[in-house]
Structure formats: structure tokens, C-alpha cells
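With the input below, show me the fold.
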Amino acid sequence: MDTQQTIDALKNTLGANNVLTDPNATTPYRHGFRSGGGDALAVVFPDDLVALWRVLEICVKSDIILIMQAANTGLTEGSTPSGNDYDRPIVIVQTLKLNQFLLLDVTEQVISFPGTTLFQLEDALRPLGREPHSVIGSSCIGASVIGGIANNSGGALIHRGPAYTELALYAQLNDAGELCLINHLGIELGDNPEQILQNLQSQNFTDSAILSTDKQASDTQYQARVRDVNADSPARFNADQRRLYEASGCAGKLAIFAVRSDTFASAKQAKTFYLGVKDPALLTKLRRDILTDFNHLPISAEYVHATAFDIAHKYGKDGFLAIEKLGTASMPKLFAIKNKVAALLDRQSWLPNDIPDKLMYYAAKLFPEHLPKSLLQMRADFDHHLIIKMADDGIPELADYLSKNFTDPQQARFIECSEVEAKKAMLQRFVVAGAAMRYEQMNRDKVSDILALDVALKRNSVDWVEELPESIACAVLEPLYYGHFFCYVFHRDYILKKGYQSAMVKAQILALLEAQGAKYPAEHNVGHLYEAPEQQQAFYKQLDPTNSFNPGVGKMSKLKNYGCGCG
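Coordinates of the predicted model:
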């Protein structure tokens, strides 16, 4: 089929309202959350699994590139086109309408569809005393369950590790270019694709159809792995071969219809401790002591450096207030509205598209101080901050440790947070990344770019506080350091001075990381910003031998068959 015939076929299958072709209408879907973008023939919105399968059939028949997209919240350009140097037209399959989920095994497992979001699951599971894989950060902006699994997303929760499952239902193209539906959900659903998908969509199966399986529905070995503080390798990173399995880590090289994943028991009681220290060696010792000697691991342990604290305090206030006042449920809608307004402004060449962001920044300044005095005093006294959340029997265990080891208040101090302090501390941590982007918007006269890296250090590392050589430091206006401390996964956002190119600085920093044995990216996946290691590229080629799904990720070829005339 030619392109018009393809569009007509898609409209006949989905209805004209579910097929967008006007470039102005498709802009929010063709451009990434932080950066990146390109052209697309169409953006389509299937509203059931069978319709999604028929879309794939049409696109395969027309030799169309497929990019699967849910919330489009990725930070490495992995869910949109990247440039316009593809050899085939692109169709973006927007899946947020496919947001159904099914609870299994008395809520201990869940089947999520392509558009199911973490927030949906969190909201549904809370009354049942259960939680999805991630409940911090990504859930606030509407990230999807499948997006997390497809990208090995890590998250802040120490008990759970990267998003992972070996139970999935997905479509792929084989070496001959034939579209196949692979049912590895561990549930008998039928014999042909449309029957399988319809039975799953309507939950037309009995308990006896759910097969006994030894396949993992989460990373059940992660707690033991993170406790091994003497290991000469990171706890988790995107290219870890241990966690590249079919849908898990596929980075959009498959069309995933559903995944089956574990849920987790909620804590009966939780307490947040806010720590401030002058000497980071105290935090190094604390991490090793807790991971090796404690009976109970923390729920989370989030590090924030002073500069990141300050920029979040000033430039993240609007995001902080939006979440605090309106709740996480409103955030995906607010982001969608803001993106649509920005797309409208893009049509007017004389208007900047960051007007909504600047208005929010100035509006937030009208509100009174949003952080408690206790946290502001900790910032005044200390440069290194750690927010540790403990559950149940772990609470007295940590309280006892801190009372015995944090004895000099001039060098280190801790707060047992009230509910208000705990909530505000975590919100302050959460808005750091967005605050860096707001800093750039408000200081374009002196900022050239933001270089955002997420880095996994070796578990036995001692020197986790980065000291940039002068050849790199001279290019950096502000370095922001924050991250998941016990996992040794750090976000390092470098706000670069005018006159310096991010590609040059990035190459220098990555060379330093290579020499240290660090791995990158740690949890946002390669997208179009990182070169995938050889074993990760081989995994992608195995999943997608014709290079028809999300070509170009990992800086690989965008050409059919990877430009070699073969799989």
C-alpha cells in the first residue's frame, strides 16, 4: 500500500478520529518529554487489543516503522522519532486508551495493558494493602507499567530493583518479516492472535487457565544483590544481561500487549529520617553498615547534594506546589495540558513555547515559603543530605543506629520526620530534575544546555562524590547530584555554560566513568542519547531482526535490516 492507502486502512480500522495526520495535531506525540523529535506519517489511538493487532498488521504490510508510545515521559528520547533520517515512514501507536488491568492470585500479581499507568495501579491497590513496582517519581507524571519494564526502569525502592518480568504477551517480526503474537503470560487464552487478545481483553479465562510457572514476575534476587557491598560491579543498570529478557529491557523493539508482574505488600507503618552530614564518608559507612548488618532494608534512601537542594528550592517550587496542592492524580493531566499549549505556541514563530513554564515559575513566587524550617536549617548546616524511609521493625533498628553513630551535631544530624516533613522532603527530592530544566529556561543568557546522566557505580565504590577535573569543571555552571544512594545509582545533571557543547563534555565525562567501571545509563535506558553496548545491541537485533520497531535506539542503524540486507 502507498501512504494514503495506509492512512485510509488505519482510519477504516480505528475510525477517523483515532488517526491524526496533521503535523500540528501530532506535535505533542512526535516530541520527547525533555528533548528529541521528528516527523511521523500518523499517530494512531487503538482502543482495544484486537484493534492494536490490526494496526500492526496494516503497518507491517505497508513496510511502516512502528513506535509504541504510552505516556511519553522518557528522558532519553526513546518513545518518539529522532530526526528525519529514517528509510521508511513512521506510525506512532499511542496506547494510553488501552489502560485496563487485571488482578490475579488474590491481588499478588497484576496483568497490565499497554496504557496502564503506575498511578492507576497504585490507586487501585492501596485499599488492598498492596503496591505496584514503583510508587515514587514516575507515577506522578503518568508513566506506564509496560514502559518501565521495557526500559528496565529502576526506581527508588530498594526492595524491588529494576522493573522486570518474564511473563508477557507481545508481537514481533521474525526473520522473514512475518508478524507473530507470542503468548508467554502463562495463561491459556486460545490459538490465534485475535482470539487470544479478545479473551484477555474480556477476561474470558478461568483460574485453571493460569498455568503454574517458575518464571519471575519481578527481580526477586535484587535484595541479595544490593546487599553485596563488596562486589566489583553495579547493582543495576540498563544493559545488565541478567535482566534483558523478551519484553524486559526491549526498549520498544517489541509491541507489548500485556505484562504480568508482582505486586508488593504495603508497609503497616513507615517513618522517614532526614540526615545531614558534612563528611560524605559518614554516609559511605552508614550505607555499608545497613546493607550488611541490618535485618531490614530501608524502603528508600534518597541522596541530595546542597546545590541540587538549592536549585530545587528556587526553581522547583511550582512543581512542588502543584503536586502538594493538587495531588499526584492531577499531574498527568496538567502535563498534557501544558504540552498542548506549548504545541500551540510552537505554531507562532514569534512566541516562545516556554511561556507556560515561566508563568508557573513566577506564580509560585507569590506563595509563602514551602519548606519546613527544619529542612532549611539542615541545608544551612550540611552539604550532603539523605532521606531514608524505613518500615515496621526497621524503624527502631535505624533509630538505634543513628542515635549511636550521629553523636556530634556539628558534623552530622538527623530528624525523625513528622508526616508533613516527610512528605515535603520527598517532594523536594522529586522536583530536582524538573528544577534543572526550569533553571535553564530562566537563565538562557548563560546556559547552553543540560547534560543529564544517570550513572550506576560499582557496589564496592568508596569515592562516590564526584570531583570533576578542571578541564570539565570549567564548562559546568552548576552540577546537580542526587539519586538512589543504597543502589548507588546517581543522577548527575550538568548545567553547561554558554559556549560549551554538551556532546564534547559528555564524551569527556563518559570516558571518566568508563575508567571507574561505572555503567550508564542506569535506569532511563539508552533511547537515542546513548550508544548501546554490544550485548544490548545483539539483544535488540534478536527481538527485531528487520529493525521495524523503534529503529535507531542505542544509536543503532535506522535502516531496514540494520542496513545489512539481513537480520
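
contacts and neighbour counts: CA atoms only from here.
OK.

Output the lowest mean pLDDT helix or strand found in this protein.
For the chain, counting by mean pLDDT, DSSP states H and E, helix 331-346 ranks last in confidence among helices and strands (a mean of 68).

Enumerate the positions of the helix or strand just after that helix that are buried.
On the C-terminal side of helix 331-346, the nearest following helix or strand under DSSP states H and E is helix 355-364. Neighbour counts using 16 or more other Cα atoms under 10 Å place 357, 361, 364 of helix 355-364 among the buried residues.

Just give the number of residues close to residue 257.
Using other Cα atoms under 10 Å as the criterion, residue 257 is surrounded by 27 other residues.

sorry, that was for residue 127
If we define neighbours as other Cα under 10 Å, then residue 127 has 10 of them.

right, and the secondary structure at it would be what?
Secondary structure state of residue 127, per DSSP: H, G, I helix; E, B strand; the rest coil, is helix.

is it true that residue 397 lies in a strand?
No - with three-state DSSP as the criterion, residue 397 is helix rather than part of a strand.

Roughly how far does the residue nearest to it when sequence neighbours are not counted sit from residue 287?
The shortest distance from residue 397 to any residue other than its chain neighbours is 7.4 Å, reached at residue 294 (Cα to Cα, 6 or more residues apart in numbering). Relative to residue 287, residue 294 is positioned 10 Å away (criterion: Cα to Cα, to the nearest Å).

Who has more neighbours out of those two?
More neighbours sit around residue 287 than around the other of residue 294 and residue 287, counting by other Cα under 10 Å; the figures are 18 against 15.

Look up how far residue 460 lies from the more buried one.
11 Å.

again, but for residue 198
Where residue 460 is concerned, residue 198 sits at a distance of 49 Å (Cα to Cα).

Please apply the same query to residue 517.
Taking Cα to Cα as the measure, residue 517 falls 11 Å from residue 460.

Any stretches of the stretch 251-400 of the chain with poor pLDDT?
For the stretch 251-400 of the chain, the stretches with pLDDT under 70 are 328-333, 335-336, 338-340, 342-343, 345-346, 348-351, 353.

all strands of it, in order?
Counting by DSSP state E, counting those that start in this stretch, the segments of the stretch 251-400 of the chain that form strands are 255-262, 264-265, 270-277, 300-305, 384-391.

Can I get the third one as PDB, trimmed to CA atoms?
Read that as strand 270-277. Backbone C-alpha positions of strand 270-277 (Å, rounded to 0.1, in the frame of the first residue of the first chain) are rendered in PDB as follows:
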ATOM      1  CA  ALA A 270       6.600   3.900  58.000                       C
ATOM      2  CA  LYS A 271       8.900   6.600  59.300                       C
ATOM      3  CA  THR A 272      11.200   9.000  57.300                       C
ATOM      4  CA  PHE A 273      14.600  10.100  58.700                       C
ATOM      5  CA  TYR A 274      16.300  13.100  57.300                       C
ATOM      6  CA  LEU A 275      20.100  13.100  57.600                       C
ATOM      7  CA  GLY A 276      22.600  15.900  57.100                       C
ATOM      8  CA  VAL A 277      26.400  15.400  57.200                       C
END
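
Listing partners with orientation, what would you give for it?
strand 384-391 (antiparallel), strand 412-416 (antiparallel) (DSSP bridges).

what's the answer for the first one, then?
For strand 255-262, the paired strands and their directions (DSSP bridges) read strand 109-112 (antiparallel), strand 168-173 (antiparallel).

Nearest to residue 380 among these would be which one?
The closest of those to residue 380 is strand 109-112. By Cα to Cα, the value is 44.8 Å.

what's the average pLDDT for the closest one?
Strand 109-112 carries an average pLDDT of 96.

contacts for that strand?
Where contact means Cα atoms under 8 Å, 6 or more residues apart in numbering, the residues beyond strand 109-112 that reach it are 99-104, 145-146, 258-263.

Filter those residues down to the buried ones.
Taking 16+ other Cα under 10 Å as the criterion, what is buried in the contacts of strand 109-112 is 99-101, 103-104, 145-146, 258-263.

any chance of those in a markdown table, plus distance to residue 175?
Formatted as a markdown table, those follow (distance: Cα to Cα, whole Å):
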| residue | distance to residue 175 |
| --- | --- |
| 99 | 31 |
| 100 | 32 |
| 101 | 32 |
| 103 | 35 |
| 104 | 35 |
| 145 | 29 |
| 146 | 25 |
| 258 | 23 |
| 259 | 24 |
| 260 | 27 |
| 261 | 29 |
| 262 | 33 |
| 263 | 36 |
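
From what I see, residue 44 and residue 20 are in contact.
Yes - with contact defined as Cα atoms under 8 Å, residue 44 counts as touching residue 20 (6.3 Å).

out of these two, which sits in the busier spot?
residue 44 (25 against 20).

What is the burial count for residue 379?
Using other Cα under 10 Å, residue 379 has 19 neighbouring residues.

residues contacting it?
By Cα under 8 Å, 6+ apart, the contact set of residue 379 is 276, 306, 309, 385.
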